[in-house]
Each structure stands twice: as C-alpha cells, then as structure tokens.
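Peer 1: coords please:
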Amino acid sequence: IPNPSGVILDLYSNACGAIWLSNNNPIPCPEFETDPFGVVQLVKDEPFENGELTSDALLFALPASQSEMIVTGTYPQFVVQNGDKLTFRTGCLLNTPQCSTLVFFYSINESGAREILWGVSEQQDGITSNVEIDLSFLQGQTISIQVEVSSLGESLDDSILISSPIILQSAVLFTPTAEPTFTPTATFTPAPTFTA
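Peer 2: Okay, here's the model as predicted:
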C-alpha cells in the first residue's frame, strides 16, 4: 500500500543550508523580506510574468552588468531513492520586459561530477514552466542539487522566480500485519431413521 513519506528537501525553507555564489564570489544567506536588493531573495506571493502569484519562491534578481552574471546555490547531499522527484515552477518576474536568463538544475555526485537535470531559457513571454523531474535513475547515489541562474548577455531586468522547489520522497511500501486465517469446519446433522 503506498504510504507517501513527505519531503526530503525544501529548497526554499533550506536556502540557508546551501552554498551561494555570484560569479564565484560568496554571497550571504538569502534573507526573507530583509534585503530587498539581494541577489537571491526568499519571497512569497510575488507575481509571475503572467500575473499568477507564487507561493514560497526563490527570487534571483541579477544586478545590472555589462558581463554575464552567474548565480549558483548548492544544497546538502542526500541519498536518492527510487521514485524521488524534484518539482518546481519557474518564470520571469512580472514587469521585467527585458528579462532573459538561463535556468539550470544539476545533480553533483560524491566525486564532484555535475550532470544536467533540466534547463531552460526564460524570457518575458507570458509563459511559465511547471517541472517534475524523476530522479529514479540516480537511485542509491549520494548527490547534491545545484540551481544555477545566469543572464543571457547583459543582465537587465533579469529577475527569475523559482516557486515551491522541493524534492519529494518516494512512496514507501509497507506490508500490513497478517491476520490469522481460520479454516471452517463442517458440521454434520444426523439424518432421522424410520422403522417400518
């Protein structure tokens, strides 16, 4: 019987457990509603480019620059189980007409090798991406999840939302306790005997 066992890693709630870099320079832990000009912010109820609101979301607000900006967040390791899934929704922030970025999710194994799980070019086109990545092919491996956001050329209006990024644990199968089995016994009723 499937018994969902919940969330392995919430990338929003555990943002301060990740290592954050901006063009390879360390950046402080994202702070919810305390640094409105931070490169990475923890936000709620922010509008996507199509006007729909996020729930809990990471906001990547890349500062204006003449060179390409790259921001990465590398999360703690965990062991992948069969059926584990990474889910999230991503898109540009509303009212950022020149938003044009690349968004990638990677897995990094224990030896440091990095493998692309998913990537997209996000632009201000009114379209968001709803993503579900099955991690079963990494079953048994110890990996880190890394999110990377980079600008395409100049970083002008490059503000990307990644909403509800979580890793869901696979369903665990459990065997119910066996009930005792009873074998019914037949009961015979003797037939009456008639005397002539």
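Peer 1: Could I get the pLDDT score of Thr87?
Peer 2: In the prediction, the pLDDT value recorded for Thr87 is 96.
Peer 1: For it, give me its contacts.
Peer 2: Contacts for Thr87 were tallied using Cβ atoms under 8 Å, 6 or more residues apart in numbering; they are Val131, Glu132, Ile133, Ser164, Pro165, Ile166, Ile167, Leu168. Bear in mind the C-beta positions are built from the backbone N, C-alpha and C, glycine included.
Peer 1: wait, isn't Ser13 in contact with Leu58?
Peer 2: No. Assessed by Cβ atoms under 8 Å, Ser13 is found out of contact with Leu58, at 10.8 Å.
Peer 1: Which one's more surrounded, the two?
Peer 2: It is Leu58, of Ser13 and Leu58, that has more neighbours when counted by other Cβ atoms under 10 Å, with 25 against 13.
Peer 1: And that one, what's its pLDDT?
Peer 2: pLDDT, Leu58: 95.
Peer 1: How far does stretch 35-54 sit from its chain's centre?
Peer 2: 17 Å (Cα atoms, centre = their mean, to the nearest Å).
Peer 1: same question for it, mean pLDDT?
Peer 2: If you average the pLDDT values across stretch 35-54, you get 89.
Peer 1: Make 737 the starting number, not 1.
Peer 2: Right, with 737 as the first residue, what we last looked at is stretch 771-790.
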